[in-house]
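# sharing a model that was predicted from the sequence below.
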Amino acid sequence: MDTISAFARRVGLTPSALRFYDDCGVLRPAHVDPDSGYRYYSPEQERDATLLRTLRKAELPLADITTVLTGTPAQARTVLATHARRLRARADAAQAAVETALRLVSGRAHVDSTVGGAELASAIRQVTPAVADSEEFPQLRCVLLECSASDLRLVATDRYRLTVRELVPHAVCGAPARALVPADALVDAAPWALRHDAVRLIIEDTGAHLVAMDTASDEASDTVPLPTHDGDYPDYRALLDALEPFTCRVVTDRSALLEALTASRDPSYVPLHADGDTLHVGGVTVPAVCSRTARLAFDAAVLGPAVEAGVGPDVLLEITADDRPVVVRSADQGSFTTLVMPVRPR
């Protein structure tokens, strides 16, 4: 066996850290000399010590580390998945604070983000079905445009579903900014954007507008002003961070699922039963790949547009429970995500 100093060098920890972990009951030595009190460690403990060092680097609390080291693999995965969500939430909060500070330092909101015209038109087509129809909440009749150094996000929600589409800009200039733009204005601008290879989205304190770029001269060739709304928008990031790990994943043909939803006798309540290699949609059976069994139900008017807005032949459903949001994705486009609420089981 190794002395505490030799073992510390071997696993990348300090002797004082090993004493602390012993006192906390996280990593006991294999043997303690009854006369001298010297601690000794066996080679079999190297794995736990190395894992302990890695988990501390990931800022996992000691109580959770004990579960990872001594619990079952399933318990360890649950602890690590929960901690990963906690770290993402903390990082998002820090990023939001930095972006706010940047806006305050600059004195005014301004961002100039360049994306492909066809990509922007496609993103508008995908997110606008999730915009609310009701006049009760005017801000929900808008699409949130959120620009940062890494992406341009288009977000829409009617409180029953949430759609997020991420675009990777060709170029970004200025501090992060956001704007609420009425969905009708974006729908009108989509055909215009489709005719141009590159489009700049400019958001300022005074408003927002789209600028078409001439690829030959790299100069502005046309401009479309976008009306903006001043209302508050739901904190969609908090909702995404609060999502629990899915318990069932279903991959099925997008067109077949849409046809089954359309054929339902009661569109307001369409039961779905995932089982093995089939997905039962109302009275229709659709071929599918299901990771496990699940039962829930949807309003076809809510789920249908989310499925239809996808890209590619397949759709992916990530199910947590029959009363929790279901993630709807295109199987081959991870940058487009929709959350859809099931209806209450009958």
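Now that the structure is in, tell me what you want to look at.

# going forward, measure contacts between C-alpha atoms and count neighbours the same way
OK.

# quick one: the strands in the stretch 101-250 of the chain?
Ranges of strands in the stretch 101-250 of the chain, per DSSP state E, counting those that start in this stretch, are 110-116, 142-147, 152-157, 161-167, 171-174, 177-182, 198-204, 207-214, 219-226, 248-253.

# can you lay out those as a markdown table showing mean neighbour count and mean pLDDT?
Listed next are the strands of the stretch 101-250 of the chain as a markdown table, based on neighbours: other Cα atoms under 10 Å; pLDDT from 0 to 100:
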| stretch | mean neighbour count | mean pLDDT |
| --- | --- | --- |
| strand 110-116 | 23 | 88 |
| strand 142-147 | 24 | 95 |
| strand 152-157 | 25 | 95 |
| strand 161-167 | 22 | 93 |
| strand 171-174 | 16 | 84 |
| strand 177-182 | 23 | 93 |
| strand 198-204 | 23 | 91 |
| strand 207-214 | 20 | 86 |
| strand 219-226 | 14 | 84 |
| strand 248-253 | 20 | 93 |
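
# closest one to Pro43 among these?
Of all the strands of the stretch 101-250 of the chain, it is strand 248-253 that lies closest to Pro43, at 39.9 Å by Cα to Cα.

# returning to that earlier point: out of the strands of the stretch 101-250 of the chain, which comes closest to Glu259?
Of all the strands of the stretch 101-250 of the chain, strand 248-253 comes closest under Cα to Cα, at 10.1 Å.

# contacts for the closest one next, please.
With contact meaning Cα atoms under 8 Å, 6 or more residues apart in numbering, strand 248-253 is reached by 274, 279, 286-294, 313-320, 331.

# strand partners (parallel or antiparallel) of it?
Using DSSP bridges, strand 248-253 pairs in its sheet with strand 284-290 (antiparallel), strand 314-319 (antiparallel).

# and the longest one, how far out from the chain middle?
This means strand 284-290. 26 Å (Cα atoms, centre = their mean, to the nearest Å).

# now it: mean pLDDT?
The pLDDT scores in strand 284-290 average 93.

# contact partners of it?
248-253, 256-257, 260, 274-280.

# can you rerun that using 6 Å?
For strand 284-290, contacts defined as Cα atoms under 6 Å, 6 or more residues apart in numbering pick out 249-252, 260, 276-279.

# ok, the shortest one next?
With Cα under 6 Å, 6+ apart as the contact definition, strand 314-319 has outside contacts at 246-254, 326-331.

# try it again at 10 Å.
244-257, 274, 288-291, 294-296, 306-308, 310, 325-333, 338-340, 342 (Cα atoms under 10 Å, 6 or more residues apart in numbering).

# quick one: the residue sitting nearest the centre point of the chain from Glu146, how far?
For the chain, the residue nearest the mean C-alpha position is Leu240 (5.5 Å; Cα atoms, centre = their mean). Going from Leu240 to Glu146 by Cα to Cα, to the nearest Å gives 16 Å.

# low-scoring stretches of the chain, by residue?
Applying pLDDT under 70 to the chain flags residues 96, 99-100, 102-109, 214-220, 331-334.

# domain map for it?
For the chain, the structural domains run 2-71, 107-235, 243-340, going by automatic domain parsing.

# to Arg90, which of the ones you listed lies closest?
That would be, of the domains of the chain and by Cα to Cα, domain 2-71, which comes in at 11.9 Å.

# measure the closest one end to end?
By Cα to Cα, one end of domain 2-71 lies 26 Å from the other end.

# what about it, distance to the chain center?
Mean-position distance between domain 2-71 and its chain equals 36 Å (Cα atoms, centre = their mean).

# stretch 266-286 too?
With Cα atoms, centre = their mean as the basis, stretch 266-286 stands 26 Å off its chain's centre.

# give the other helices and strands that the lengthiest helix in the chain contacts.
In the chain, assigned by DSSP state H, the helix with the most residues is helix 73-106. Using 3 or more Cα pairs under 10 Å, 6 or more residues apart in numbering; DSSP states H and E, the elements in contact with helix 73-106 are helix 62-70, strand 171-174, strand 177-182, helix 236-241.

# got a list of contacts for the longest one?
By Cα under 10 Å, 6+ apart, the surrounding residues in contact with helix 62-70 are 21, 24-27, 47-49, 51-52, 55-56, 59, 71, 73-80, 83.
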